[in-house]
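>>> Predicted structure and sequence below. I'll ask about it afterward.
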Amino acid sequence: MSDQFDLITRTGPGTPMGELMRQYWIPAARVSEVERDGPPVRIMLLGEKLIAFRDSSGRVGVMDHRCPHRCASLYYGRNEENGIRCVYHGWKYDVDGNCVDQANIPERQQFKDRVRAKAYLARERHGVIWIYMGDPAKAPDLPPFEACFQPQEGGNVRFVQRRCNWLQAVEGDLDTSHVGLLHFGANKATQEAGSRRDLVANRAPEYKVVETPYGLCYGAHRPSATVPGGTYWRVAHFLFPFWIMPPVASLEENVMVRAFIPMDDEHCMFVGLESQRYRRPQDDRFRVGGAAYRRDNVEDNATGWYGRYRMIECEENDYLIDREQQREKSYTGIEGIHTQDQCVTESMGGSVDHSFENLAPSDIAIARNRRMLMTAAKAFQEGKRPPSADNPGLYDHVRGGYYTTTESGDWLALHREAVQKLLREEKNAVPA
Amino acid sequence: MSDPYESIVRTGPGTPMGELMRQFWIPAALSKELEADAPPVRLMLLGEKLIAFRDSSGKVGIMDHRCPHRCASLFYGRVEENGIRCVYHGWKYDAEGNCVDQANIPARQQFTDKIHTKAYLTVERNGLIWVFMGDRTKAPELPPFEVCSLPESKIDYRFVQRRCNWLQAVEGDLDTSHVGFLHFGAAKPSARLDREHQDIVVNRAPEYKVAEVPYGLTYGAHRPSPTVPGGTYWRTAHYLFPFWIMPPVASLELNIMVRAFVPMDDDHCMFVGIEPKGYIKENNQPGAFLKDNLHPNTTDWYGRYRMVEAEENDYLIDREEQREKSYTGIQSIHTQDQCVTESMGEIVDRSFENLAPSDIAIARNRRMLQNTVKAFTEGKRPASADDPSLLTHIRGGYYTTTEPGDWLKLHREEVQKLVKQSATAIA
């Protein structure tokens, strides 16, 4: 569906948003997916078909899947002796894309120094292989998300493929009012306590939105049903170019960040980086009716371009909806918070027709975010880079989450103070 | 993908290369695919959707699949009583495309004489059905390839669909240096291959000679022979207008074969091999066997001669075998070729390429095709379109010689000698 939002939904090579995203490090795969001297792995990113492999000395290479000689796919190549060798004519490349052999050409005719695979910078951190698809000379530091620095035991990295445009997926996390319906619509306030009670006692919050140096921040607020005179806030961030920190847990526990990375314009990869603190307490607390948090139910990875981290629940099987359960116990009859999100977001179509929408006051963060992205993409075309592309330090100490406060004052200042206070406490709690 | 090769990769109706191809006979199907009065077969050729059927008296008809009345597909038609009848309104056509009945129209209002299906000339020879999609008054003789003079019982016809552009497929046969890698890359020089394959794996980096010829292009890849002192090992191949090739699959003596990659549409082509039975022997190299592993044909436009090994199943690659025994881990020479060629994408983005000295025949062939197509749009027809006798006594193959002299002359003399010998042998 072609519309005015093509400017921000399309991310292939040469598109404005695609080039903007290429100014940032991208989480591309789990470290464990790519084995030393093992077969290359097909990775689809920003409309480019890539392969990833780990060489004999353990380094990771990520590059266009085509051999720069005659374009046969290096996927079928031989990963051996510190490089990948194309099976067509025996040309070989190291992880940096340097051509190190042209075996079918007499030595005096070889021109290895003039041939390069289209290779991208790759780094490994937090169990994730990160790649940078822009000009290597401009590569910034890896983003300093809190979730990346928490102790890793028990921390979690999640990859789940979603079959829709990346922005459509992101927007699901800029829309907190769906939580009280899609995920907890069958829960009764009288049977809940704490923040869950705040969430379901009033399912129609109001919003504050503000643009920030790293992206956009919004807070949904409603009178607390549990703290007299208090306000229940759910605060989320969009961080350029595809990161989000939705309020899945309390501000104290919500040490996480997630992204919807475009694979192509109709597929994206959910990547969740979650600290131990985020993960553990959640599982049981949210187990209510059919709407439970649980492990992502994904198929074993296959080798195709769309073969990685596919959910078992998908459109072809109606996300395993149970209509009986839907009538009696859960709002959707679909198991798993993530699956419920996946269902509604994919059901809009591969790339939603925005002209069919009717945005409401509850969608103010989505609308503002679109406008901000349009402006940023246009500015980028005119040479103005988003600040976080060159200064990932802007992501430092950003956290989403929910909390209840009785204090009055500017909502954003209150939120930031609350985060700072938690950070100070945590710092003091860490033994020197 | 718009690129400077657009004029030679596209072959639909009205495209320059497509019109050029329509000046030549095209191998379209095996005779045995069509039974008298049996359901029609869908054929996709040069971007046109056609049906083929055999009428009650055994004649073959090939025509646009649309009924010229209201364009319903004749694929669903009734092949009966020497014609095909559209099931929509009962109009009927004979194998030449003449309308012989307009059953839904009162006799006095019929105008059968004014209606023709878009039918093409067809010829059957030795078990193969040929179609001519150009102006029927200009149809030349069938091409006189050496192998076509063999009796049907001694010919192997191979049809295999390839999911990429025809030129990309052809270029795989203008590139002999890949043989020492893709097909025999894991063979050690000490391996006990037959002598010719020994020559390939001892020196995997040949040099090249290329020449344009009246029927197309010839090239020879040469390297010092490791088996004949002072000898040179030559692998010679031909590209013959518009889609034929004679790669050096066997020795010059045995390589009495020709093959084509016939465009189905711009993203699919049909490999058609016309080969003498048993002209190459199985060898002992893992993965290098010869049988094509095909699905049964279905009736779809792309349903004929599909390989079981395909991108969806990674061509059944066995990574363990790739590590230990064969270069690719993929079974069969043809599948290995299919894999690399299809993996480039349906129409390869040639701006991504870096051609090397080993690709000189490919580069020269592209340039020749561009020039030929340009001349054709200006009214100059390729010589072999009107004079197929130019294709007589052409053979590719490999051989080792110790004689010095012009490479092309030596090659031709060698072929002449062999042609005489086989003529004597047949007589």
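Noted; the coordinates are in hand.
>>> residues in contact with residue A:235?
Neighbouring residues of residue A:235 by Cβ atoms under 8 Å, 6 or more residues apart in numbering or on different chains: A:217, A:218, A:219, A:220, A:247, A:251, A:400, A:401, A:402, A:403, A:415. Just so you know, the C-beta spots here come from the backbone N, C-alpha and C atoms, and that holds for glycine as well.
>>> Near the closest residue to it other than its chain neighbours, how many residues? Count them for me, please.
If the residues on either side of it in the chain are set aside, residue A:235 comes closest to residue A:219, at 4.5 Å by Cβ to Cβ, 6 or more residues apart in numbering or on different chains. By other Cβ atoms under 10 Å in any protein chain shown, 24 other residues sit near residue A:219.
>>> So residue A:219 sits against residue A:231, correct?
No - with contact defined as Cβ atoms under 8 Å, residue A:219 does not count as touching residue A:231 (9.6 Å).
>>> and the contacts of residue A:235, which of them are in helices?
When these are checked against helices (DSSP state H), the matches are residue A:415.
>>> Drop anything exposed from the contacts of residue A:235.
Buried subset of the contacts of residue A:235 (neighbour count, 16 or more other Cβ atoms under 10 Å in any protein chain shown): A:217, A:218, A:219, A:220, A:247, A:251, A:400, A:401, A:402, A:403, A:415.
>>> Check which helix or strand residue B:365 maps to.
Residue B:365 is part of helix B:360-377 when elements are defined by DSSP states H and E.
>>> other SSEs contacting that helix?
helix B:6-9, helix B:16-21, helix B:166-171, strand B:207-213, strand B:216-224, strand B:232-240 (3 or more Cβ pairs under 8 Å, 6 or more residues apart in numbering or on different chains; DSSP states H and E).
>>> Can you say which of those is nearest to chain A?
strand B:207-213 (6.1 Å; Cβ to the nearest Cβ).
>>> Please name the nearest non-neighbouring residue to the residue in the stretch 301-432 of chain A positioned nearest to chain B.
Residue nearest to chain B within the stretch 301-432 of chain A: residue A:303 (5.6 Å; Cβ to the nearest Cβ). Of all residues not flanking residue A:303 in the chain, residue B:314 sits nearest, at 5.6 Å (Cβ to Cβ, 6+ apart).
>>> Now do the contacts for the one you found.
Counting by Cβ under 8 Å, 6+ apart, residue B:314 touches A:75, A:76, A:303.
>>> Surely the last one and residue A:40 touch.
No - under the criterion of Cβ under 8 Å, residue A:303 is not in contact with residue A:40, lying 9.2 Å apart.
>>> could the helices and strands packed on helix B:360-377 go into TSV alongside mean pLDDT?
Converted to TSV, the helices and strands packed on helix B:360-377 look like this (pLDDT from 0 to 100):
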stretch	mean pLDDT
helix B:6-9	97
helix B:16-21	98
helix B:166-171	98
strand B:207-213	97
strand B:216-224	97
strand B:232-240	96
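>>> For residue A:107, find the nearest of the ones you listed.
strand B:207-213 (11.5 Å; Cβ to Cβ).
>>> re the thing from before, got the helices and strands packed on helix B:360-377 as CSV, with distance to residue A:262 and mean neighbour count columns?
Converted to CSV, the helices and strands packed on helix B:360-377 look like this (distance: least, Cβ to Cβ, whole Å; neighbours: other Cβ atoms under 10 Å in any protein chain shown):
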stretch, distance to residue A:262, mean neighbour count
helix B:6-9, 29, 18
helix B:16-21, 36, 22
helix B:166-171, 28, 25
strand B:207-213, 43, 16
strand B:216-224, 44, 22
strand B:232-240, 42, 24
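>>> can you tell me which of those comes nearest to residue B:386?
Of the helices and strands packed on helix B:360-377, nearest to residue B:386 by Cβ to Cβ is helix B:16-21, at 12.6 Å.
>>> The stretch 101-250 of chain B against chain A: which residues are in contact?
Taking Cβ under 8 Å from any Cβ of the partner chain as the contact definition, the stretch 101-250 of chain B meets chain A at B:171, B:175, B:177, B:178, B:180, B:181, B:182, B:185, B:204, B:205, B:206, B:207.
>>> For chain B, give me its nearest residue in chain A.
For chain A, Cβ to the nearest Cβ, closest residue to chain B: residue A:73, 3.3 Å.
>>> Make sure that residue is actually in contact with residue A:67.
Yes - the pair residue A:73 / residue A:67 is scored as a contact, 7.5 Å apart, by Cβ under 8 Å.
>>> which of those two has more neighbours?
Between residue A:73 and residue A:67, residue A:67 has the larger neighbour count (other Cβ under 10 Å), namely 31 against 24.
>>> Thanks a lot, see you next time.
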